[in-house]
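>>> return atomic coordinates for the entry below.
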Amino acid sequence: MNFELLGDGSAGPALSLDHEQFAYAGKFVMSGPKAVAREDDSVVGAISFSEDHSDSSAVRLRYVTVREDRRGEGIGPRLLRFTAVRLTASYDEVLIAANNPIAYEACYRAGFVFTGEETGIAEVLMRYRPDDRETDRYREGFTVFEDRELPAPHEAVCRRHADGESPAVVPEPSGD
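Take a look at the predicted model:
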């Protein structure tokens with residue numbers, strides 16, 4: 001699998017992703033910087049990102065998608081880690097907001113930690129800190145989702161991590 005950043009700053013290519021295979025496919029049609037995971041010249045995962053609107057020393061990962069038939073293989077966490085590592089060379093902070101327990105777990109596996117903050121749209125704010133692996137803080141992030149009506153797979157993730165250890169960070173993947 002090859003990982004790569006496409007574009008820099010605010011410029012980058014548009015990606016045409018099949019809306020039946022990729023969540024948020026329409027968000028990748030817009031030009032702007034992105035990161036992709038490719039296998040056999042085919043995109044299997046993508047992330048769009050941009051500078052934080054309120055802090056030019058921070059970048060926000062905006063949309064993350066993995067092709068439906070490849071979900072559960074760890075592509076998301078590896079692509080997130082690759083992207084965060086590359087962006088720390090240009091930004092002081094790499095941030096992401098997770099809107100469900102599966103995304104939260106994937107971000108944590110990539111090296112992001114819960115900041116204790118929520119966005120105004122029911123997401124938990126996470127910051128890239130691969131060396132800050134406090135289990136209690138990891139569990140605290142799941143409590144945000146407890147009062148929500150969740151699909152069964154999301155509830156299962158919350159239950160699995162209610163009392164357990166936090167997962168390890170995935171190894172840093174190389175580029176192409």
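
>>> the helices in the chain, which residues?
Using DSSP state H, the helices assigned to the chain run over residues 75-87, 101-109, 135-146, 152-161.

>>> any chance of TSV for these, columns mean neighbour count, distance to Pro167 and mean pLDDT?
Quick note: C-beta positions are derived from backbone N, CA and C, even for glycine. As requested, the helices of the chain are exported to TSV (neighbours: other Cβ atoms under 10 Å; distance: least, Cβ to Cβ, whole Å; pLDDT from 0 to 100):
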stretch	mean neighbour count	distance to Pro167	mean pLDDT
helix 75-87	23	9	96
helix 101-109	24	5	94
helix 135-146	16	8	86
helix 152-161	15	8	88
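
>>> out of those helices, which gets nearest to Val59?
Nearest of those to Val59, taken as Cβ to Cβ: helix 75-87 at 5.2 Å.

>>> hmm, who's touching that closest one?
By Cβ atoms under 8 Å, 6 or more residues apart in numbering, the surrounding residues in contact with helix 75-87 are 1, 3, 5, 35-37, 44-47, 49, 59, 61, 64, 66, 94, 96, 106-107, 109-112, 128, 130, 169-173, 175.

>>> from the residues you listed, which land in strands?
3, 5, 35-37, 44-47, 49, 59, 61, 64, 66, 94, 96, 112, 128 (DSSP state E).
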